[in-house]
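K.L.:
the sequence and its predicted three-dimensional model are supplied below.
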Amino acid sequence: MKILLATDGSSFSDAAAQSITKQFRSQDNEVRVLSVVEPFSITPMPQMAPGYHPELDDQIHRAKALVERTAETLAEAGFSVSTSVVTGDAKTVIIEEAAQWQADLVVVGSHGRKGLGRFLLGSVSEAVARHTNCSVEIVRIPAK
């Protein structure tokens, strides 16, 4: 099975990674760890080359370190792991990556926002669940 794990480095994403190791056997399962770096502005100025976002260099570097750490943890558990860091809108990138990679399952953590916070920030997990053509597991951290 091909499992796409979308991570943002939060405790919610850590719970999603742990969910994979607890639920699935490492044999015959491949995991791609994806982190999406969202630019401040989706449309760059016309004089800039496509995909050129110098202000994001530090965020991209941190995202690469994050996916490598997560991949190392999954590899230690015996999973075949690859990584990907993409710049763009998180919802769109996760949906497109799942389709392009032909994932069987997408695993995401949920921040559990409600009300105005959810309205203003949107719900990545909800958008992925609604628009991805494969199964989606949304991992929540139990309330304390």
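P.N.:
Arrived safely, thanks for sending.
K.L.:
partners of S35 in the sheet?
P.N.:
Counting by DSSP bridges, S35 is bridged to V85.
K.L.:
what packs against the strand or helix carrying I3?
P.N.:
If you go by DSSP states H and E, I3 is part of strand 2-6. Judged by 3 or more Cβ pairs under 8 Å, 6 or more residues apart in numbering; DSSP states H and E, strand 2-6 is in contact with helix 11-23, strand 30-37, helix 90-101, strand 105-109. For the C-beta atoms, the positions are set from N, CA and C on the backbone; glycine is no exception.
K.L.:
next structured bit after the second one?
P.N.:
The one in question is strand 30-37. Sequence-wise, the next helix or strand downstream of strand 30-37 (DSSP H and E) is helix 57-76.
K.L.:
let me know the secondary structure of S26.
P.N.:
coil (DSSP: H, G, I helix; E, B strand; the rest coil).
K.L.:
which non-adjacent residue is nearest it?
P.N.:
Distances taken as Cβ to Cβ, 6 or more residues apart in numbering place G78 nearest to S26, at 3.1 Å, with adjacent residues excluded.
K.L.:
the one you found contacts D28, correct?
P.N.:
No. Here G78 does not reach D28: they are 10.7 Å apart, not a contact under Cβ atoms under 8 Å.
K.L.:
show me which of the two is the more surrounded one.
P.N.:
Neighbours per residue, other Cβ atoms under 10 Å: of G78 and D28, the larger number sits with G78, 12 against 8.
K.L.:
could you measure from the more buried one over to R140?
P.N.:
26 Å (Cβ to Cβ, to the nearest Å).
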